[in-house]
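Engineer: Coordinates for the following, if possible.
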Amino acid sequence: SAGPYGGQHFGSGQGYSNGGRPAEVAGAGNGYDAGPSNVLRLRGLPFSAQKEDIVRWFEDAAPLAVDSVHIITDYGRPTGVALVEFGSPQDAQAAAAKDKQMMGTRYIEVFPSSRDELQRYLPRSY
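Structural biologist: Predicted coordinates for the structure are as follows:
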């Protein structure tokens, strides 16, 4: 579906102008066709990580409110995935520079996400 942005898709999924990195395969509506997003998805988090830990991890890159951190669970257990919502796309872009940096003993992957993905995951997050 075209979604709320009138469906300006950039081509057929080939030939992205961002250095040839293919879009995240997981969600088709993940913000690539909707302009810059202020939502990022984190993967590889320690299961013990709390919202405050994630806010602190981003401290040197961009400000993040504790209420804007959504840790995704599976049947109540953390999955190591979180969606975080920054105040602006610029903040999210600055925060994306933390991709592959360490939190404790784990390195965290940071991906662009979208409001749509955030809405989908909210029921499974805390």
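Engineer: Okay, now the unreliable bits of the protein?
Structural biologist: 1-34 (pLDDT under 70).
Engineer: Tell me the buried residues in the longest strand seen in it?
Structural biologist: Using DSSP state E, we find that the single longest strand of the chain is strand 77-85. For strand 77-85, the neighbour count (16 or more other C-beta atoms under 10 Å) marks 78-85 as buried. To be clear about C-beta, it is placed using only N, CA and C from the backbone, and glycine gets the same treatment.
Engineer: and what of stretch 81-101?
Structural biologist: For stretch 81-101, a neighbour-count test (16+ other C-beta under 10 Å) marks 81-86, 91-95, 98 as buried.
Engineer: out of these, who's nearest Ile72?
Structural biologist: Nearest to Ile72 among the buried residues of stretch 81-101: Val81, at 4.4 Å, using C-beta to C-beta.
Engineer: Find the nearest non-adjacent residue to the closest one, please.
Structural biologist: Ile72 (4.4 Å; C-beta to C-beta, 6 or more residues apart in numbering).
Engineer: Check Arg115 too.
Structural biologist: Val39 (6.1 Å).
Engineer: which residues touch that neighbour?
Structural biologist: If a contact means C-beta atoms under 8 Å, 6 or more residues apart in numbering, then Val39 has 31, 83-86, 92, 112-115, 117-118 as its contacts.
Engineer: what does Val55 give?
Structural biologist: Residues near Val55 by C-beta under 8 Å, 6+ apart: 64-66, 69.
Engineer: List the buried residues for whichever strand or helix holds it?
Structural biologist: Secondary structure assignment for Val55, by DSSP states H and E: helix 51-58. Residues of helix 51-58 classed as buried: 51, 54-55, 57-58 (neighbour count, 16+ other C-beta under 10 Å).
Engineer: Can you dump the C-alpha atoms of it in PDB for me?
Structural biologist: Taking C-alpha atoms only, helix 51-58 is exported to PDB below (Å, rounded to 0.1, in the frame of the first residue of the first chain):
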ATOM      1  CA  LYS A  51      15.700   2.500  28.800                       C
ATOM      2  CA  GLU A  52      18.100   4.600  30.800                       C
ATOM      3  CA  ASP A  53      21.100   2.600  29.500                       C
ATOM      4  CA  ILE A  54      20.000   3.300  25.900                       C
ATOM      5  CA  VAL A  55      19.500   7.000  26.600                       C
ATOM      6  CA  ARG A  56      23.000   7.200  28.100                       C
ATOM      7  CA  TRP A  57      24.500   5.200  25.200                       C
ATOM      8  CA  PHE A  58      23.300   7.900  22.800                       C
END
